[in-house]
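Participant: after the sequence you'll find the predicted model.
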Amino acid sequence: MTPASVVIVGAGLAGSRCAETLRAEGFEGRVVLVGEEPTPPYERPTLSKEFLAGEREKVELREPEFWAEREIELVLGRRIESVDLLHRSAGDGLEWEALVIATGARARRLPFDVPAGVHTLRTVADAAALREELGPGARLVIVGAGFVGAEVASTALKLGAEVTVLDIARVPLERVLGPEVGGLLAERYRARGVDLRAETGLARFVDDAGGRVTAVELTDGTTVPCSTALVAVGAEPAVELVEADRGGIPTDACGRTAIPGVYACGDVASAWRPSVSRRVRVEHWTSAAGQAASVARAILGREQPYDDLPYFWSDQFGLRLQHVGHAEEWAAVEIEGDSDSFTARYLDGEGRPLAALLANRPREVAAVRRELAGAGLAEAA
Ligand SMILES: Cc1cc2nc3c(=O)[nH]c(=O)nc-3n(C[C@H](O)[C@H](O)[C@H](O)COP(=O)(O)OP(=O)(O)OC[C@H]3O[C@@H](n4cnc5c(N)ncnc54)[C@H](O)[C@@H]3O)c2cc1C
């Protein structure tokens, strides 16, 4: 039976897409979208790119009137601390017949106090604060050469900052893209002016008498002076509303959790992928949007499991990187092209492609998708 009311916790991409899809599919019951941030749903990927560069100010996903026109109740600036599963309530006025947890992820923090001037980047408020610190004369140290760290490094250089990036891995993005592609990227970062310190960790931040960061001490014993720092060591799913471990909230392919009437989607969800016969949690825009639509349909009794081929992009150092497919492990990587434009194919032990990374080759994405689907392994994975 279709529920009469849906409460969605988390007004990010997944939460808002779920609300929109409910209405687009004709749902006439109550829809409440609750978010702890004071801002209406917005685009997060721009925070490390155009928004940080000052090239884009408007980040909202929809025009302000969009929500009221669709009778989607937007409750902003309200953090849900807990949910009462017995009485089906997320707080006063937030009783539900279906609950969607779309709480996303949070920037991972270091397990100690950090001085002023040390940032993380997840929200538009974080990005605005970091933007204030960048510009000619700024000296930025970034801890972590993942996607967010690399994108911020790229943007900060454009803004005229001096940038040092440190990472304990041998090359940037080694775990996700492998040493060969990571090596190519490392060369590019250095050629563009990044002081990249590989296999180097953070020992401690040095601050002045006012408690403001002035330098970063590294595990190799050296000290890098800085005016600001970014800790970009990954994100953790915001799972605290239900019992779940740091791997995310387990769901089926339609976003149903083990609790009747409770769904999860987006970065917080660890969703079953029929094509690869396992649960997968990803932090990608496209998956968050697709899972959210699938959850909305499941709530309405219209089964449409989400099992699309994973896809994400990243813009850094003049490269548009586009990754298609699902390879957590691979036997070999084949790279064709040069550092300005290349395709890297991730192959299994029998030479079949599991995933591909394209650099500045947007027109090849569709063909690569077909190739991966044709290989059977990643069929709609
Ligand atoms: C800087 C940056 C750059 C990125 N770039 C890319 C990119 O180039 N390509 C790509 O594919 N992906 C990118 N991503 C990832 C992409 O933005 C995420 O996958 C996507 O935003 C996930 O959407 P979501 O709705 O699941 O979570 P979020 O966008 O994190 O939204 C969750 C919302 O829930 C709120 N919330 C959490 N807990 C509660 C609570 N208890 N009560 C109320 N509200 C709560 C949070 O405040 C947040 O607003 C980037 C992410 C970041 C941070």
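Facilitator: Okay, I see it.
Participant: contacts only, for F27.
Facilitator: Listed by Cβ atoms under 8 Å, 6 or more residues apart in numbering, the contact set of F27 reads 2, 6, 296, 299-300. Yep, even glycine has a C-beta here, placed from its N, CA and C like the rest.
Participant: from S16, how far out is it?
Facilitator: Look at F27 and S16: by Cβ to Cβ, to the nearest Å, they are 15 Å apart.
Participant: which residues touch the residue in the stretch 201-350 of the chain that the ligand sits nearest to?
Facilitator: Per Cβ to the nearest ligand atom, G266 is where the stretch 201-350 of the chain lies closest to the ligand, at 2.2 Å. G266 makes contacts with 10, 12-15, 102, 104, 287-288, 291-292, as judged by Cβ under 8 Å, 6+ apart.
Participant: closest residue of the stretch 101-250 of the chain to the ligand?
Facilitator: When scored by Cβ to the nearest ligand atom, the stretch 101-250 of the chain has G104 as its residue closest to the ligand, at 2.2 Å.
Participant: so how many other residues sit close to that residue?
Facilitator: The number of residues packed near G104 is 24, by other Cβ atoms under 10 Å.
Participant: any idea how far it is from G15?
Facilitator: Separation of G104 from G15 (Cβ to Cβ): 8 Å.
Participant: dig out what V143 forms beta bridges with.
Facilitator: Judged by DSSP bridges, the bridge partners of V143 are L166, V231.
Participant: residues contacting the nearest residue in space to V83 that is not next to it in sequence?
Facilitator: The shortest distance from V83 to any non-neighbouring residue, by Cβ to Cβ, 6 or more residues apart in numbering, is to A90 (4.9 Å). Contacts for A90 (Cβ under 8 Å, 6+ apart) come out as 7, 9, 34, 80, 83-84, 96, 99.
Participant: at 6 Å what do you get?
Facilitator: The contact partners of A90, by Cβ atoms under 6 Å, 6 or more residues apart in numbering, come to 7, 80, 83.
Participant: wait, which of those is closest to the ligand?
Facilitator: Closest to the ligand out of the contacts of A90 is I80 (3.9 Å), distances taken as Cβ to the nearest ligand atom.
Participant: how many residues are close by that closest one?
Facilitator: Neighbours of I80 under the rule other Cβ under 10 Å: 20.
Participant: that one belongs to a strand?
Facilitator: No. Counting by DSSP: H, G, I helix; E, B strand; the rest coil, I80 is not part of a strand but coil.
Participant: and the chain, what are its domain boundaries?
Facilitator: Annotated domains of the chain cover 5-106+236-299, 109-233, 318-374 [automatic domain parsing].
Participant: is the last one anywhere near the ligand?
Facilitator: No. Contact between domain 318-374 and the ligand, assessed by Cβ under 6 Å from any ligand atom, is absent, since the two come no nearer than 8.8 Å.
Participant: centroid residue for this structure?
Facilitator: Per Cα atoms, centre = their mean, the C-alpha nearest to the average position across the chain is that of E283, at 3.9 Å.
Participant: tell me the SS of the residue lying closest to that residue once chain neighbours are set aside?
Facilitator: Nearest non-adjacent residue to E283, counting by Cβ to Cβ, 6+ apart: D267, 4.7 Å away. Secondary structure, three-state DSSP: D267 is helix.
Participant: count of residues packed around D267?
Facilitator: A total of 27 residues lie near D267 under the criterion other Cβ under 10 Å.
Participant: again with the one 4 residues further on
Facilitator: By other Cβ under 10 Å, 28 other residues sit near A271.
Participant: what of Y311?
Facilitator: 18.
Participant: repeat for L241
Facilitator: Look at L241: counted by other Cβ under 10 Å, it has 21 neighbours.
Participant: kind regards, and thank you for your time.
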